[in-house]
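Enquirer: only geometry, no sequence info:
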């Protein structure tokens with residue numbers, strides 16, 4: 001292999017993102033044209049790009065509305081694009097959610113709804129149940145983000161406090177036919193966890209949501225607890241007649257993105273091993289585990305022989321302890337670097353495929369064998385940075401941040417560890 005390790009890793013990350021672009025994967029899943037209207041709705045970081053791709057591939061009239069993150073808008077001819085806040089929702093998302101419900105509320109059995117859903121859609125459709133306010137949703141969202149809850153746990157709570165999630169939007173489309181086109185950003189690719197499942201049935205309950213709240217000791221307004229305890233926030237369940245005949249298709253997934261990255265490595269003679277597309281847990285703990293595997297490969301030549309690259313995806317979590325700039329992918333990398341202790345021949349990249357790791361407009365970062373050495377030379381203590389949840393501050397100071405800008409897709413986190421003990 002003649003390509004520098006950092007270049008190879010960045011090419012793999014770019015290939016993962018490219019494989020999940022809507023233009024690449026949407027055409028094969030388009031439904032037949034109906035006798036009536038075609039209404040397009042959706043939400044997520046990739047929803048505007050999905051709408052634009054749909055317009056290019058669809059034959060016939062379209063109308064509709066999708067909501068995406070600020071800065072992720074793509075020009076469409078017939079479908080209206082609205083921008084709103086993520087990860088903490090705002091008034092623009094609230095109004096967009098109301099308009100989407102109104103749009104599908106008067107359809108007939110001759111009409112077709114195409115729903116374009118991707119990661120980030122949960123925060124972008126923040127319509128609360130009657131009696132709750134946007135401020136209530138924002139406060140609960142912040143608490144869930146800070147407590148270390150998994151994405152599945154967060155979405156369970158969100159569904160049971162929402163007027164649009166947990167299958168409610170699908171029920172509102174009845175009697176029209178509904179076709180869901182989803183880009184997965186969640187471990188396991190369960191549609192109920194993609195944007196909190198606005199257009200699929202929900203098998204979880206208010207009791208499940210309340211158990212999560214209690215597990216993480218999240219303080220709730222009295223009305224929120226009453227909604228969960230009384231069951232008033234119950235969602236649309238499997239078997240509901242209003243959802244009969246609906247279709248759901250996963251058009252892009254984390255596994256497919258990892259396979260695209262693996263192909264890049266294999267083309268230059270580097271073996272690629274996908275360890276899993278749904279790895280969860282505390283980012284710093286996953287970093288330690290990945291360091292142990294990498295060292296076993298480097299020192300023992302087990303379970304794989306170097307040179308090779310270890311690929312993984314999923315969504316880790318960060319329990320906030322400090323006041324740093326955050327980022328779960330950079331927290332993983334910083335923990336990985338500390339555990340590797342500067343061993344020669346190991347490079348890594350980690351980033352969010354949507355281009356935003358945490359709340360920073362930075363996708364992730366690169367790790368090199370001399371990362372710790374360069375940090376100490378600048379007077380930066382890696383352990384202090386990790387304790388302060390300051391992964392972005394750490395890697396930015398070294399010039400190793402990875403910036404992609406809005407990628408217009410989202411298939412969750414991407415991690416690649418390249419091991420070449422000859423390096």
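Expert: Right, received. Where do you want to start? Predicted model, so just to flag it, every value in this text is computed and none were measured.
Enquirer: What helices and strands are in contact with the helix or strand where residue 294 lies?
Expert: Using DSSP states H and E, residue 294 falls within helix 283-295. Helices and strands touching helix 283-295, as assessed by 3 or more CB pairs under 8 Å, 6 or more residues apart in numbering; DSSP states H and E, comprise strand 308-314, helix 328-340, strand 413-419. Quick note: C-beta positions are derived from backbone N, CA and C, even for glycine.
Enquirer: same question for the first one, mean pLDDT?
Expert: pLDDT averaged over strand 308-314 equals 97, rounded to a whole number.
Enquirer: again, but for stretch 2-10
Expert: So the average pLDDT for stretch 2-10 ends up being 95.
Enquirer: Show me what counts as buried in that stretch.
Expert: For stretch 2-10, burial by neighbour count (16 or more other CB atoms under 10 Å) applies to 5-6, 8-10.
Enquirer: related to what we said a few turns ago, out of the helices and strands packed on helix 283-295, which is closest to residue 131?
Expert: Of all the helices and strands packed on helix 283-295, helix 328-340 sits nearest to residue 131, with 33.3 Å by CB to CB.
Enquirer: and that closest one, what other elements does it pack with?
Expert: Using 3+ CB pairs under 8 Å, 6+ apart, the elements in contact with helix 328-340 are helix 283-295, strand 346-352, strand 364-367, helix 371-377, helix 382-387, helix 391-398, strand 413-419.
Enquirer: so which of the ones you listed gets nearest residue 68?
Expert: In terms of CB to CB, the element of the helices and strands packed on helix 328-340 nearest to residue 68 is strand 346-352, at 15.9 Å.
Enquirer: Need the three-state assignment for the closest residue to residue 359 other than its chain neighbours.
Expert: Nearest non-adjacent residue to residue 359, counting by CB to CB, 6 or more residues apart in numbering: residue 326, 6.6 Å away. When classified by DSSP: H, G, I helix; E, B strand; the rest coil, residue 326 comes out as coil.
Enquirer: Would you confirm that residue 326 contacts residue 388?
Expert: No: counting by CB atoms under 8 Å, residue 326 does not reach residue 388; the two are 9.7 Å apart.
Enquirer: Looking at these two, which one has more neighbours?
Expert: Using other CB atoms under 10 Å as the criterion, residue 326 and residue 388 rank with residue 326 on top: 21 against 18.
Enquirer: List the contacts of the more buried one.
Expert: Neighbour list for residue 326: 318, 320, 358-360, 389-392 [criterion: CB atoms under 8 Å, 6 or more residues apart in numbering].
Enquirer: is it true that residue 210 lies in a helix?
Expert: Yes: counting by three-state DSSP, residue 210 is found in a helix.
Enquirer: do you know how far it is from residue 24?
Expert: Distance from residue 210 to residue 24, counting by CB to CB, to the nearest Å: 41 Å.
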